[in-house]
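S.K.: Quick one, structure for this:
(one chain, ligands or ions: 2)
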Amino acid sequence: MLAMNYRGPFRVRIQQKAMPEIQHPQDAIVRVTRSCICGSDLHLYHGLVPDTRVGTTFGHEFIGVVEEIGTEVQNLKVGDSVLVPFNIACGKCVFCQQGLYGNCHESNPQATAVGGIFGYSHTAGGFDGGQAQYVRVPFADVGPMVIPEDLDHDDAVLLTDVVPTGYQAAEMGAIKPGDTVVVFGAGPIGIMAAKSAWLFGAGRVIVIDHIEYRLEFVKQYAQCEAYNFRSLEDVVLFIKKTTGYIGADVCIDAVGCEAAGNAMQTITGRKLLLQAGSATALHWAINSVKKGGVVSIVGVYGPTDNLVPIGNVVNKGITIRANQASVKRLLPRLIEHVREGRLNPKGIITHRVPLEEVADAYHIFSAKLDNCIKTVLIP
Ligand SMILES: [Zn+2]
Ligand SMILES: [Zn+2]
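M.R.: Ligands and ions are numbered 1, 2, ... in the order given. Presented below is the predicted three-dimensional model:
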């Protein structure tokens, strides 16, 4: 089969790879019909995620058709169209039982923090991902959901990560009616977090980024304010001023480890790798939220340390909430929002690219060319 293949930083290519096989009675093999490139795939592509091995296939956002099932799989049958959450979860461990499907204790033997994730390095279990014609799906009775008849498959593929992650970012913010919510990052996750903030009753939503076309996009798509931090002298001061010197009620970090905007963070976090990426957006979030406010983090950071102003967190009494989205827990609610027209996931798709052109697709997305927001690969 054809699959995206990692060759080292900034180098991916399409290659022939052995067909995945059933390795466990609870596995399924899925023929991929759509798969996306995620902003977090760029952290892998840029070589910033530890233990990203040459030869692995990325891709944790995909849908497809069940091709084969293991002998113990009961909830799926061959021919079902399924959407597959990016987290791999056993459904039985103490964390899955609490709905913490992103923190499954059984699906990632390499770590005690995050659970297994498709195509996200050996720190997340070493599973091959869905930027391929076929993919092996472990615990097939737990994660995959048969796509409802009335759900557009372009919407379905975005329900595997982007929508739940953006939505959970807003949910973790514990937004109260009328709250001012600031979202750092106007990538797909930030866009979806801004859109979701309204669903929780926000009174004002502000997005901060430095890529002009994305700021323009989010203004239209999420009906929010959007500002370029490069044209603001001091982003924290700006947020304080615009909130009557109180600070935002909720700040969301939808950027993670590759944030721009602070030379010291960029050099220590992205160039010298002395910390787990640049924590500029998180810095700004902590310093611009009000006393007693909430900082919600969904941006991806590596497992090592980051330089963040923890003293300000204590002295301001900030609540920090963070996690990988529990996709399975959120799906029923999100499908309701899509059905009612309150969320329009496919509205962020800007590019459709044949899987064969995956290398170009990574380059375009990484270099922020061609007004790219979200790319769907078609095998
Ligand atoms: Zn993703
Ligand atoms: Zn589990």
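S.K.: State the number of residues packed around the residue of the stretch 51-200 of the chain found nearest ligand 1.
M.R.: Closest contact between the stretch 51-200 of the chain and ligand 1, by Cβ to the ion, is at D161 (3.7 Å). For glycine as for every other residue, the C-beta is placed from the backbone atoms N, C-alpha and C. Neighbour count of D161, defined by other Cβ atoms under 10 Å: 27.
S.K.: isn't it right next to S35, touching?
M.R.: No: in this structure D161 lies outside contact range of S35 using Cβ atoms under 8 Å: 10.9 Å.
S.K.: Residues that sit against both of the two, list them.
M.R.: E61 (Cβ atoms under 8 Å, 6 or more residues apart in numbering).
S.K.: Run a quick neighbour tally on E336.
M.R.: 11.
S.K.: now swap in W198 and tell me
M.R.: 18.
S.K.: quick one, what contacts the nearest residue to C36 once chain neighbours are set aside?
M.R.: Once flanking residues are discounted, C36 sits nearest to E61: 4.0 Å by Cβ to Cβ, 6 or more residues apart in numbering. Contacts were defined as Cβ under 8 Å, 6+ apart; by that measure E61 touches S35, C36, C38, F86, G130, V157, L158, T160, D161, V162.
S.K.: will you turn the residues you listed into TSV that also has distance to ligand 2, pLDDT and secondary structure?
M.R.: Compiled in TSV, the contacts of E61 are given as follows (distance: Cβ to the ion, whole Å; pLDDT from 0 to 100; DSSP: H, G, I helix; E, B strand; the rest coil):
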residue	distance to ligand 2	pLDDT	secondary structure
S35	24	98	strand
C36	25	98	strand
C38	22	95	coil
F86	15	97	coil
G130	20	98	coil
V157	24	98	helix
L158	24	98	helix
T160	18	98	coil
D161	18	97	coil
V162	23	97	helix
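S.K.: can you give me the helices for the stretch 101-250 of the chain?
M.R.: Secondary structure of the stretch 101-250 of the chain by DSSP state H, counting those that start in this stretch: the helices cover 153-158, 162-172, 188-199, 212-221, 235-242.
S.K.: by contact count, what packs against the shortest one?
M.R.: Looking back up the chat, that one is helix 153-158. strand 28-37, strand 62-69, strand 81-84, strand 374-378 (3 or more Cβ pairs under 8 Å, 6 or more residues apart in numbering; DSSP states H and E).
S.K.: what residues does the third one touch?
M.R.: Outside of strand 81-84, the residues that reach it under the criterion Cβ under 8 Å, 6+ apart are 30, 33, 62-66, 76, 118, 130, 135, 137, 143-147, 153, 156-157, 159-160.
S.K.: Parallel or antiparallel, list what pairs with that strand.
M.R.: Partners of strand 81-84 in the sheet, by DSSP bridges, are strand 62-69 (antiparallel), strand 145-146 (antiparallel).
S.K.: Could you look over the ones you listed and pick the most buried one?
M.R.: Among the strands paired with strand 81-84, judged by mean count of other Cβ atoms under 10 Å, the one packed with the most neighbours on average is strand 62-69 (a mean of 22).
S.K.: Give me the angle between it and strand 28-37.
M.R.: 170 degrees (axes from the mean of the first three to the mean of the last three Cα atoms, to 10 degrees).
S.K.: Let me see the mean pLDDT of strand 62-69.
M.R.: Mean pLDDT, strand 62-69: 98.
S.K.: thinking again about what came up before, got the helices and strands packed on helix 153-158 as TSV, with distance to ligand 1 columns?
M.R.: Shown next, in TSV, are the helices and strands packed on helix 153-158 (distance: least, Cβ to the ion, whole Å):
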stretch	distance to ligand 1
strand 28-37	7
strand 62-69	10
strand 81-84	12
strand 374-378	10
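S.K.: Tell me which of those strands approaches A202 most closely.
M.R.: With distances scored as Cβ to Cβ, the stretch of the helices and strands packed on helix 153-158 nearest to A202 is strand 374-378 (23.0 Å).
S.K.: Centre of the chain to the closest one, how far?
M.R.: Mean C-alpha position of strand 374-378 versus that of the full chain (Cα atoms, centre = their mean, to the nearest Å) differs by 15 Å.
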